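Engineer: need coordinates for the below:
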Amino acid sequence: MHSDPSRSRSPSPDPERLLRIYLNDHYAGSAGGVALVRRIARVHRDGPAGPRLRELAEEIAEDRESLVQIMTALDVPVMRARTLAVRLAEKVGRIKLNGRLVSRSTLSDVLELELLRLGVEGKLALWRSLRTIARADDRIPLSTVDHLADRAERQIELLEGMRLAAVDRTFLRARAH
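Structural biologist: Predicted coordinates:
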């Protein structure tokens, strides 16, 4: 049986539509990231990492605003429904198996820092994608995207250091006692 060639062809992609979806997916993800980093900063506000976490929360919120500015320059509207779904998922994600029913454990720190790091790695991928697009679209300021990519790399390094410290507290120091 021969297949119909007209059925095997997909319609040609609309790059503008795909970019709108891509940017809105990252915008929605940033809502969860901002909420998560603010919660982590609140939990650790009196600890030694408190000031760095507050600064990180401010930077991540600024990064989200930079994304909005780029979306505006590209005439990409923010799709709020996606953002609400991600915020709900972030709240549901707080319910996890961490070895305790009611209170936080040090495992919560490990898991949350890993999740936040993954989010920042996704954000870095976004900035790198926008860097490529900026070479062909002068509505995207290349210097801004470069700055945001550099900052995301620094954020990843900071989060990895915090994550490894949480791993030490959770899995190694507990054994020593």
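Engineer: what does the pLDDT read for residue 74?
Structural biologist: As predicted, residue 74 sits at a pLDDT of 98.
Engineer: OK, contacts around it?
Structural biologist: When contacts are counted by CB atoms under 8 Å, 6 or more residues apart in numbering, residue 74 is found next to 19, 23, 137, 139, 140. (Each C-beta comes from the backbone N, C-alpha and C, glycine too.)
Engineer: so which of the residues you listed is the most crowded?
Structural biologist: residue 23 (22 neighbours; other CB atoms under 10 Å).
Engineer: my guess is it meets residue 71, correct?
Structural biologist: Yes. With contact defined as CB atoms under 8 Å, residue 23 counts as touching residue 71 (5.3 Å).
Engineer: rewinding a little: and which of the contacts of residue 74 is nearest residue 164?
Structural biologist: Sorting the contacts of residue 74 by how near they are to residue 164, with CB to CB, puts residue 23 at the top with 32.3 Å.
Engineer: could I get the contacting residues of that closest one?
Structural biologist: The contact partners of residue 23, by CB under 8 Å, 6+ apart, come to 67, 70, 71, 74, 76.
Engineer: in what helix or strand does it lie?
Structural biologist: Assigning secondary structure by DSSP states H and E places residue 23 in helix 15-43.
Engineer: and that helix, how far out from the chain middle?
Structural biologist: Mean-position distance between helix 15-43 and its chain equals 6 Å (CA atoms, centre = their mean, to the nearest Å).
Engineer: heading C-terminal from it, find the next helix or strand.
Structural biologist: Where DSSP H and E defines the elements, the next helix or strand beyond helix 15-43 is helix 50-73.
Engineer: show me which positions of that next one end up buried.
Structural biologist: 53, 54, 56, 57, 59, 60, 63, 64, 66, 67, 70, 71 (16 or more other CB atoms under 10 Å).
Engineer: wait, the first one sits on residue 46?
Structural biologist: Which is residue 53. No. With contact taken as CB under 8 Å, residue 53 and residue 46 are classed as non-touching, separated by 11.1 Å.
Engineer: picking that back up, so which of the contacts of residue 23 is the closest to residue 168?
Structural biologist: Of all those, the one sitting nearest residue 168 is residue 67; the distance, using CB to CB, is 33.6 Å.
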